[in-house]
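Asks: Return atomic coordinates for the entry below.
(2 chains)
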Amino acid sequence: MSAISDRQRQLELEPWTGPKRHYDIVKEGVIALVVVSVIVVACAALIGSPDVPALTFKGWATDQPQNFVATTVGELAGTTESAGYGGPYNANGDGQAIGPINPAKVVGVHIPIDTANDFVINPLRSQQQPQVVTDAINQWESATPYQRITWATNLDNALNDPNGANGDPSKVPNGDYGPVPNLATGLMLMAQSGALDGILPAPGQFYNADNTKQILFMGDGSYLDDAGTAYHLQGDQWGMMNETGNYPGQQWLMPFSFWYQLPIFNSDEESGLAATLTANGDIYILTIIGVLFLVFMLIPFIPGLRSIPRWIPVHRLIWRSYYRRG
Amino acid sequence: MATTLDSTDTRNWTSRLRRRAQADLPYEKLMPGTQPAYVASWIYVFGVLTLVSLGVVILTGTVLTLFGPTWWHTSSSGHFVNSLHFWSVQLFFLFMIIHLWGKFWMAAWRGRRARTWITGMIAFMVSVFAGLTGYVIQTNFDSQWVAFEAKDGLNAMGIGAFFNVANFGQMLMVHIFLLPAVVGLLVVLHVLWVRIRGVVPPIDADRVEAAVESEAAVDAEVVAP
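Replies: A predicted model of the protein is given here:
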């Protein structure tokens, strides 16, 4: 490939003195506005836009009461995803890392979430409860942290025993569960009544504009996940690029979603490179995207890469009428 | 001796700014009546299509802002305005991505036009975040799902502590004010720099111009007595 001539550099740097054509920038803008407006109005009128109602705790506790109870027990036992998440919610997990680099740990706890208190005890405390639930709350709060965890873990293990209850609270054998069954049942009844939806984000408060607790608690169960699967929105289904119904989603996220489809970021392995990359997939993929973006943004200054448009002559097609002059 | 009030005083910031603006961007450049002849491809249309789509996005978003974030769930008019917003966003990204790739294949950063390319790239990335914040403030299932999924990536990078997609209030403010303001500013800078530097000449324009000049010289010799 020949070097760029001084004449070419001069042409690129100085105002164009070659042949010109008429150009009406205002007219072009008005025509473009009309064309875009017509397309937008036509699509809005003929196709519309998606609006699947938000899931509720009432719906979860009514449709999947066993899962709701099991998740509540997990929040008390500290075994759910949120309970062991790590930064920015709590210090109970390490978060994702690339080798020694662990941004979540460096940033620390900024949005404190204590799943037992925030998701279960405080909402129950904020409402008048049946005596059995009030007694359960009092028993829980007067117990030592060790005793609480022991009760909740006992029930959590019994509930999730595949050879025993297998998720069904009615089949849990007798055991040392303390007040946990009554707390979980009390919260389920509260959710089924619809009260939990309004109370969970800020018990006892008038205003609320932060849904972090609701999103985390609901995500710990299977209700939200099942709905995501039903609408083909899971990460390995091109996730956030999709949309409910037959509508286009965030198509512009394709370079991001692409990486989640690769087996190495989507593996069932329990050890080795694929297991590490899958467990830390978000940080690896976002780092890759960040580096690619920087390279693309700074391409004018990167020798070799900035010459790709010269080597692959798509420009011959774009400027074909101009090149015919020569 | 009386002091002369000279509008060209080099110590006057306003005068200096005005002279700089007049030199770099006279009205003939800002609103040109001609363009170089090589600006003759459909690919050039996607820049202005992106701009007007952004205008429609802002206009429809403003209507949604006036009526509040849950209006469109309960009103057919609101749902229609939401649909206008939805489709203008889809077109905005479609046109912007085509525009971006078009400029890539033109190597449009040549001739000290790198800052135009960079502001365009940053505007694209900020728009992606604007789109994300729009999805999480729809107050429907989509919002729940996108917030739940997106939080993990942001938390892994340490960003989620300050940019919490599950915090509806924060996302609403960011979506309706902060990010549109940033995108708007970037777009204004981007367009002004396009007008200041002009549209980049074609790759190998030197050969075309040399061939044309050579032909013209031969014609002149033939015509000359």
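
Asks: remind me which residues of the chain are low pLDDT?
Replies: Picked chain A for this. Residue ranges of chain A with pLDDT under 70: A:1-2, A:326.

Asks: actually it's chain B I care about, not the one you picked
Replies: In chain B (pLDDT under 70), the answer is B:1-8, B:222-225.

Asks: Mind jotting down where the helices sit in it?
Replies: Taking DSSP state H as the criterion, chain B carries its helices at B:13-24, B:27-30, B:45-67, B:71-74, B:76-105, B:114-136, B:141-156, B:168-173, B:179-197, B:205-223.

Asks: Please compute how far the first one lies from its chain's middle.
Replies: To tie it back to what came earlier, the one meant is helix B:13-24. 24 Å (Cα atoms, centre = their mean, to the nearest Å).

Asks: hang on, the earlier thing: who wins for proximity to A:Leu159 among the helices of chain B?
Replies: Taking Cβ to Cβ, helix B:141-156 is the member of these nearest to A:Leu159, at 23.4 Å. The C-beta positions use only the backbone N, C-alpha and C, and glycine is treated the same way.

Asks: give me the residue from the stretch 51-200 of chain A nearest chain B.
Replies: Of all residues in the stretch 51-200 of chain A, A:Pro103 sits closest to chain B, at 3.0 Å by Cβ to the nearest Cβ.

Asks: Spit out the contact partners of the residue nearest to the spatial centre of chain B.
Replies: When Cα atoms, centre = their mean is applied to chain B, the residue found nearest the centroid is B:Val187 (3.3 Å). Going by Cβ atoms under 8 Å, 6 or more residues apart in numbering or on different chains, B:Val187 touches B:51, B:54, B:123.

Asks: Could you break chain A into its assigned domains?
Replies: Annotated domains of chain A cover A:57-222, A:251-326 [automatic domain parsing].

Asks: so which of these is the most packed in?
Replies: When those are scored by mean count of other Cβ atoms under 10 Å in any protein chain shown, the highest mean neighbour count falls to domain A:57-222 (a mean of 18).

Asks: What is the end-to-end distance of that one?
Replies: 12 Å (Cα to Cα, to the nearest Å).

Asks: OK, contacts around A:Asp168?
Replies: Shown in contact with A:Asp168 (Cβ under 8 Å, 6+ apart): A:66, A:159.

Asks: With B:Ala166 as the reference, measure out to it.
Replies: Going from A:Asp168 to B:Ala166 by Cβ to Cβ, to the nearest Å gives 31 Å.

Asks: ditto for A:Met240
Replies: Taking Cβ to Cβ, one finds A:Met240 at 15 Å from B:Ala166.

Asks: Please name the residues that touch the residue positioned nearest the centre of chain A.
Replies: Note on chain A: the residue nearest the mean C-alpha position is A:Met240, at 8.5 Å, using Cα atoms, centre = their mean. If you count contacts by Cβ under 8 Å, 6+ apart, A:Met240 has them with A:233, A:249-250, A:253, A:257, B:135, B:146, B:149-150.

Asks: Next up, phi/psi of it, please.
Replies: Dihedral pair for A:Met240: phi -70, psi -10, per degrees, to the nearest 10.

Asks: got it, and the one 10 residues further on?
Replies: Dihedral pair for A:Gln250: phi -80, psi 70, per degrees, to the nearest 10.

Asks: give the contact list for it.
Replies: Here A:Gln250 is in contact with A:240-241, A:243, B:131-132, B:135 (criterion: Cβ under 8 Å, 6+ apart).

Asks: same question, B:Val208
Replies: Taking Cβ under 8 Å, 6+ apart as the test, what B:Val208 contacts is A:322-323, A:325-326, B:202.

Asks: Tell me which of these fall in strands.
Replies: Of the contacts of B:Val208, none are assigned to strands by DSSP state E.

Asks: Could you single out the nearest of the residues you listed to B:Trp13?
Replies: B:Pro202 (39.8 Å).

Asks: how much space is there between the closest one and A:Asp268?
Replies: Distance from B:Pro202 to A:Asp268, by Cβ to Cβ: 52 Å.

Asks: same question, A:Leu183
Replies: Relative to A:Asp268, and taking Cβ to Cβ, A:Leu183 is found at 35 Å.

Asks: Export the contacts of A:Gln250 as a markdown table, with columns for distance to B:Lys29.
Replies: Below are these laid out as a markdown table (distance: Cβ to Cβ, whole Å):
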| residue | distance to B:Lys29 |
| --- | --- |
| A:Met240 | 41 |
| A:Met241 | 40 |
| A:Glu243 | 42 |
| B:Gly131 | 33 |
| B:Leu132 | 36 |
| B:Tyr135 | 39 |
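
Asks: ok, so of the residues you listed, who is nearest A:Ile312?
Replies: Closest to A:Ile312 out of those is A:Met241 (26.8 Å), distances taken as Cβ to Cβ.

Asks: residue contacts, the closest one?
Replies: Neighbouring residues of A:Met241 by Cβ under 8 Å, 6+ apart: A:249-251, A:253-254, A:257.

Asks: cool, A:Leu33 as well?
Replies: Each residue near A:Leu33 by Cβ under 8 Å, 6+ apart is listed here: B:52, B:55-56.

Asks: Let's verify the closest residue to chain B within the stretch 151-300 of chain A: helix, strand, or coil?
Replies: At 2.9 Å from chain B, A:Ala209 is the closest residue in the stretch 151-300 of chain A, using Cβ to the nearest Cβ. Classification of A:Ala209 by DSSP: H, G, I helix; E, B strand; the rest coil places it in coil.

Asks: Number of residues surrounding the closest residue to it other than its chain neighbours?
Replies: Distances taken as Cβ to Cβ, 6 or more residues apart in numbering or on different chains place B:Gly169 nearest to A:Ala209, at 2.9 Å, with adjacent residues excluded. B:Gly169: 14 surrounding residues under other Cβ atoms under 10 Å in any protein chain shown.

Asks: The one 3 residues further on too?
Replies: When counting by other Cβ under 10 Å, one arrives at 19 neighbours for B:Leu172.

Asks: isn't it right next to B:Ile137, touching?
Replies: Yes. Contact criterion Cβ atoms under 8 Å: B:Leu172 and B:Ile137 qualify, at 5.0 Å.

Asks: overlap in contacts of these two?
Replies: Contacts common to B:Leu172 and B:Ile137, judged by Cβ under 8 Å, 6+ apart, are B:Pro69.

Asks: Okay, domains of chain B per the record?
Replies: Taken from automatic domain parsing, chain B resolves into B:42-106, B:110-201.

Asks: Throw those domains into CSV and include distance to A:Phe119, thanks.
Replies: Formatted as CSV, the domains of chain B follow (distance: least, Cβ to Cβ, whole Å):
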stretch, distance to A:Phe119
domain B:42-106, 25
domain B:110-201, 14
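
Asks: CA atoms only for stretch A:78-92 - export them in CSV, please.
Replies: Extracted in CSV, the C-alpha atoms of stretch A:78-92 (Å, rounded to 0.1, in the frame of the first residue of the first chain):
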residue,chain,number,x,y,z
GLY,A,78,-28.2,-16.1,54.5
THR,A,79,-28.1,-18.7,51.7
THR,A,80,-29.8,-16.7,48.9
GLU,A,81,-27.9,-14.8,46.1
SER,A,82,-28.6,-11.5,47.7
ALA,A,83,-27.5,-12.6,51.2
GLY,A,84,-24.1,-13.7,49.9
TYR,A,85,-23.7,-11.1,47.1
GLY,A,86,-20.9,-9.0,48.4
GLY,A,87,-20.4,-5.4,47.3
PRO,A,88,-22.2,-3.0,47.0
TYR,A,89,-24.9,-4.7,49.2
ASN,A,90,-23.0,-6.5,52.0
ALA,A,91,-19.7,-8.0,52.9
ASN,A,92,-20.8,-11.6,52.7
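
Asks: Tell me which residues are up against that stretch.
Replies: Residues contacting stretch A:78-92 (Cβ under 8 Å, 6+ apart): A:71, A:74-75, A:77, A:93-95, A:104-105, A:107-116, A:119, A:149, A:152-153, A:156, A:216-217, A:219-220, B:155, B:158, B:160-161, B:164.

Asks: Alright, calling it a day.
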